[in-house]
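[1] turn this into a structure:
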Amino acid sequence: TPRALRTMTTLAFSAVRVTGTSTLRVSRPRAVAVRRAVTHRSPRVRRPIVGSASSRDENNDPATSGRTIDAFVVPGEPSFPGMYADWSVTKEDKVEVWSYRVCLTTVALTTLACASPVLVGQDLPWLSNNLSYFMGASSLGAALYLIHMYVDPIKKFMQALWVTGFAGSVGIALTTHEQVPQYVATHPAAVWLVGPMFAALTGVAFKEGMCYGKPECAALFFLIPVTLLGHLSGVIGEGGEKGLLVTWCALIAIFASRKYTQAVKDDIGDKSVFIWNAMTEVEQGEWLKVTRELDPSRYARLIQEQ
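    Residues are numbered from 1 along each chain as shown. Reported below is the predicted structural model:
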């Protein structure tokens, strides 16, 4: 009836307004249902990756969350094969390596300054003083922080030696009110106080000599303790001590200058080892799972070495 038709029209337009649309659409419910029944969504493909903090929150599957197997390769930069992964040199790596080299250069220059009375044959208070000494000592401490060493306990031991020797040097400066280089030169027993710091420098020379085959570093490894122990014991005469000190200065200058001829990647070593050591046990296990699936040959080598 006309009245029923008006009622149905009113209800239809009310429904359209409620849904927020101003266009009346005619649909075929049965046909839509058929199309929905035969349409399937393609499955989402996921790459096996190692979990990171953010991705683990989204997905609890460690085989499909986090970093990829090539996470440490910078796009567009050369990559280098590592024990645990391929890697590239980053800007942060370059800053760290160059800072380490500058620290070693400062150590060399301040060594020359502190030894200047022996090198030039006269006292030079404006060079051989506490400022030069502690500038070199501080630079050695920074170098020990920046140095790349696979065995972390050895690195920490060298840092502990530096702290001990630095504290002894501060004690000499505060209690004697003299320049530390001159005080140690006239008081051989003071080697016990400053000696640990130079033992740390000997460790740096050993690391550089062993890793890169540098003869000047190998010579410093023997020369530094011989010079200090000879001064402490008095078995080496004054002329012998001066000769050893001059040789020390020449070798450390060569060592510091030759650091700038190395490629940055060589100063880093195998970056993947440091990455692996920084991982937790859970992350290491996840990384091994990914390596087993995506790089079976590397996984086989790791298992064999372990």
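
[2] hey, where'd the helices end up in the stretch 201-306 of the chain?
    Along the stretch 201-306 of the chain, counting by DSSP state H, counting those that start in this stretch, helices occupy 215-233, 238-258, 264-268, 271-278, 281-294, 296-305.

[3] so which of those helices gets nearest residue 162?
    Evaluated with CB to CB, the helices of the stretch 201-306 of the chain place helix 215-233 nearest to residue 162, the distance being 13.7 Å. C-betas here are computed from N, CA, C, even on glycine.

[4] for the closest one, the averaged confidence score.
    Mean pLDDT, helix 215-233: 96.

[5] before we move on, the earlier item: could you dump the helices of the stretch 201-306 of the chain into TSV and include mean neighbour count?
    Listed next are these as TSV, based on neighbours: other CB atoms under 10 Å:
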stretch	mean neighbour count
helix 215-233	18
helix 238-258	17
helix 264-268	16
helix 271-278	16
helix 281-294	17
helix 296-305	12
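
[6] could I get the ones you listed as CSV with distance to residue 129?
    CSV is the format used below for the helices of the stretch 201-306 of the chain (distance: least, CB to CB, whole Å):
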stretch, distance to residue 129
helix 215-233, 20
helix 238-258, 17
helix 264-268, 32
helix 271-278, 38
helix 281-294, 49
helix 296-305, 51
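
[7] count the residues that sit near residue 138.
    Residue 138 has 16 neighbours, counted by other CB atoms under 10 Å.

[8] how much space separates it from residue 242?
    Distance check for residue 138 against residue 242: by CB to CB, to the nearest Å, it reads 27 Å.

[9] check residue 236 too.
    Distance, residue 236 to residue 242, by CB to CB: 10 Å.

[10] residue 288: what's it in contact with?
    Residue 288 is in contact with 299, 302, counting by CB atoms under 8 Å, 6 or more residues apart in numbering.

[11] now swap in the one 10 residues further on and tell me
    Taking CB under 8 Å, 6+ apart, we find residue 298 in contact with 84, 291.

[12] go again with 6 Å.
    Residue 298 sits next to residue 291 when contact means CB atoms under 6 Å, 6 or more residues apart in numbering.
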